[in-house]
Each structure stands twice: as structure tokens, then as C-alpha cells.
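Peer 1: Got a sequence here, can you build the structure:
(one chain, ligands or ions: 1)
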Amino acid sequence: MSKQYKAAALISGGLDSLLAAKVMLEQGIHVEGINFFTGFCVEGHTAAIRKKQQDKPKRNNALWSAEQLGIKLHIIDIVDEYKDVLINPKHGYGANMNPCLDCKIFMVHKALEWIQENDFDFIITGEVMGQRPMSQRKETMPVVANESGAEDLLLRPLCAKNLPMTKPEKEGWVEREKLLAFHGRNRKPQMALAKDFGFEDYASPAGGCCFLTDENYSKKLVDLWQARSSRDYEMDDIMLLKVGRHLRPKPYYKLIIGREEGENKFMQGYTKMFSSIKTVSHAGPLCLVDGATDKDDLEYAAQIVARYSQGKNEDTVTLQINRLDSEPYEITVKPLAADDVKQDWHV
Ligand code: SF4
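Peer 2: Sure thing, here's the model as predicted:
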């Protein structure tokens, strides 16, 4: 009986990795998926927090992909190791704070370690040449294979025919003829293939897979680093950058103001880590205060928070201030006038 070869598929939750894995399954390869959790993954996170986006499915798209494919999925937490990739990317950043090329190299390297430990034969990704400006260019495709150490054990089924033969092709583990030659940014071939395979309701094809490609998120991350004079972060920091309105009235503190009920509830979980402000006399947002503040700062912050409450046009609004280092107390303030909320406070 001939050997059944085994491939580890990097599954992001997007259409391309879904298709790449399916192409391999069609060739009789045993495929298992790996999904790396960096902490920056979008994966329905915002939809899960924000009430407004209730129409979007609250699902983990990587798990959904694995379910569609009928394969096992290994979700691997790389939050700590990923810090070095993000903070010191050898190949630099893309349009925002996305270190895509270093990220790909790192993930393929981790996948290589995984296949060695688990006795798998090769790695597949859903990369398509020319699709992404940074990590999926003709010149960078070999860089990922070389610098990750995967070399010819890295097969990209969706564009393999545009690339040199890999070991699985040379050795006849897979049929090169049945691989694809997709290239460029046109998504129609992928959509047609998805239709052929009967996949519907897959994650938005061009949708970003991580927050680091998002301009606003990237600005908030850079602001965090600047304010702390350190390019470091904890998981809580990067989660909080995903929610709320971020205002920095002074260089040494920032306010994170919930924009709706879902965010307020999510932020409630952080009130033991940060001082917080909540309106009492009127409906209003929860605000977390990130930075060292004194009583005057908190009074001013309360005026700002009142601006975002139902009492914004009243003479006074009462709020409760919860400092980490003292008992909660109430304060009554005049909401800040709209014009006094400076544009350059918005991170
Ligand atoms: S978008 Fe994010 S997860 Fe995807 S390659 Fe770039 S940095 Fe990595």
C-alpha cells in the first residue's frame, strides 16, 4: 500500500488557506491545520465585543475552515514569541505596523518545527504570488521558504505552477499538474474555485486577517509605545487597543472610552487593572484611565467622559471615579464643551 503523505496547512481563516488545504485533500494528502494566535488576529473579535455588529457571525474562521475541510486544527499560541517579530522586523513594516514578511517567515518556521516534531512531510500555505504587496511578491516568495528553513518543503498549492518545483512535487507525493497557477490581486479565480468546491459563506476574501494592517489600530499601537517609551506590550494592552475611543489629553495618560454597551461590558473586565470613570446621574460610557493621574487629571477626565454621556448638554453630570489606590468617590462636573475636545487628542 502506498504511503499517505501528511501536510500541515497554515489556516488563517481566510479563503486562500481554505482552498489550498482543499486542493491537497483532493490529492489524497492527509492534511491537518495550524492556526497561529498572535493576539492581533481579527477573527470575529470586534464583532464578538461590539453589539452593533450582531449581524456578523461570531465565529472563529480558522475553526470554521477546518470544519468545512473536515480536518483537525491545532491552534498554537505564539503571543510571546511574536513580540520580537513585531518589535524588530528584519524586513520592516508594510503600509501600517504589519511586519508581514517577517511574520510569514516566522510562522512557516514554526510550522517546520511542528512537522518535524509530529512526523509530517511538508507544509502548505494559501499564498498567491503577487497578491500582497509585502509578503506575496515574486521576490519574497523564496525569501519565506529560505529564511524559515522550510526550503522546498513549503508548497503553495494555489500558485505552485508559477514557482520552482518543491520536494512534494519532485518526489511525486503530489501531482504538479493538478496544482494551480493563480497570480495577482484578482480574486475571481479563488471565488470560482470556492464555488466548484461548494464553499459558501467564507470569510471576506480581501478582509485583513490581523489588526496590524489596520491604520487606526497601528496608530494606537505606536502611541502606546511612545507614551511608555518602550516598544513592548502585554496581551491586555493589545486587546484594549481593539476597543473604545482612545483620547490622550496629556502625554502621560490616555482615556479609553467605551463606544457602546458591548465595549463597556468588555472593558468592565479591566477595572481592577486601571482606574476607571463611570457616569452615575446619566447613562454614559465606561472609561478606563491608562497612565499615572492625580486628582485634577481625573476631574478633567470626568468632564471629558461626561461629554460622551447622555448628560452632555446638561449643566452638570455626576460620575463615579474608581482609583486603584483609594476608595471610589463621586464627583459632579460640567461636561466639557464639544469644541474643547481637541482633535489631536484622538489617538
Ligand atoms: S497580516 Fe498580520 S498575520 Fe497576516 S502576514 Fe501580515 S502581520 Fe502576519
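
Peer 1: After whichever strand or helix holds Asp196, heading C-terminal, what element do we hit next?
Peer 2: Assigned by DSSP states H and E, Asp196 belongs to helix 188-197. Next along the chain after helix 188-197, taking DSSP H and E as the criterion, comes helix 215-228.

Peer 1: and the gap between Ser309 and Ala66?
Peer 2: 44 Å (C-beta to C-beta, to the nearest Å). Yep, even glycine has a C-beta here, placed from its N, CA and C like the rest.

Peer 1: And the two? Which one has more around it.
Peer 2: For Ser309 versus Ala66, neighbours defined as other C-beta atoms under 10 Å are more numerous around Ala66 (24 against 21).

Peer 1: Output the helix or strand containing Ile321 as CSV, nothing but the C-alphas.
Peer 2: Ile321 is part of strand 317-322, with elements assigned from DSSP H and E. The C-alpha trace of strand 317-322 is given here as CSV (Å, rounded to 0.1, in the frame of the first residue of the first chain):
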residue,chain,number,x,y,z
VAL,A,317,-23.2,65.3,35.4
THR,A,318,-22.2,63.1,38.3
LEU,A,319,-19.7,60.4,37.8
GLN,A,320,-18.0,57.8,40.0
ILE,A,321,-14.3,57.7,40.0
ASN,A,322,-12.6,54.4,40.9
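
Peer 1: Just checking: what are the partner strands of it?
Peer 2: strand 275-279 (antiparallel), strand 329-333 (antiparallel) (DSSP bridges).

Peer 1: Go through those strands and pick out the most buried.
Peer 2: Stretch with highest mean neighbour count among the strands paired with strand 317-322: strand 275-279 (a mean of 22; mean count of other C-beta atoms under 10 Å).

Peer 1: what does the following helix or strand past that one contact?
Peer 2: Per DSSP H and E, the first helix or strand lying C-terminal to strand 275-279 is strand 286-291. Contacting residues not belonging to strand 286-291 are listed as 227, 240, 244, 250, 252-258, 264, 267-268, 270-271, 274-278, 298, 301, 304-305 [C-beta atoms under 8 Å, 6 or more residues apart in numbering].

Peer 1: Please flag which of those sit within helices.
Peer 2: Here DSSP state H is the test, and the contacts of strand 286-291 give Ala227, Leu240, Asn264, Met267, Gln268, Leu298, Ala301, Ile304, Val305 as lying in helices.

Peer 1: got CSV for these, with neighbour count too?
Peer 2: Output for the ones in helices among the contacts of strand 286-291, formatted as CSV (neighbours: other C-beta atoms under 10 Å):
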residue, neighbour count
Ala227, 17
Leu240, 22
Asn264, 19
Met267, 23
Gln268, 14
Leu298, 21
Ala301, 26
Ile304, 20
Val305, 30
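
Peer 1: picking up where we left off before, and the strands paired with strand 317-322: which comes nearest Asn61?
Peer 2: Across those, Asn61 has its closest neighbour in strand 275-279 (32.5 Å, C-beta to C-beta).

Peer 1: okay, the angle between that closest one and strand 286-291?
Peer 2: Strand 275-279 and strand 286-291 are oriented at 150 degrees to each other (axes from the mean of the first three to the mean of the last three C-alpha atoms, to 10 degrees).

Peer 1: Can you pull up the most central residue in this protein?
Peer 2: Centroid-nearest residue in the chain: Cys41, 2.3 Å away (criterion: C-alpha atoms, centre = their mean).

Peer 1: what about the stretch 151-300 of the chain, any weak spots by pLDDT?
Peer 2: Applying pLDDT under 70 to the stretch 151-300 of the chain picks out residues 204-208.

Peer 1: Residue of it closest to the ligand, please.
Peer 2: Cys210 (3.3 Å; C-beta to the nearest ligand atom).
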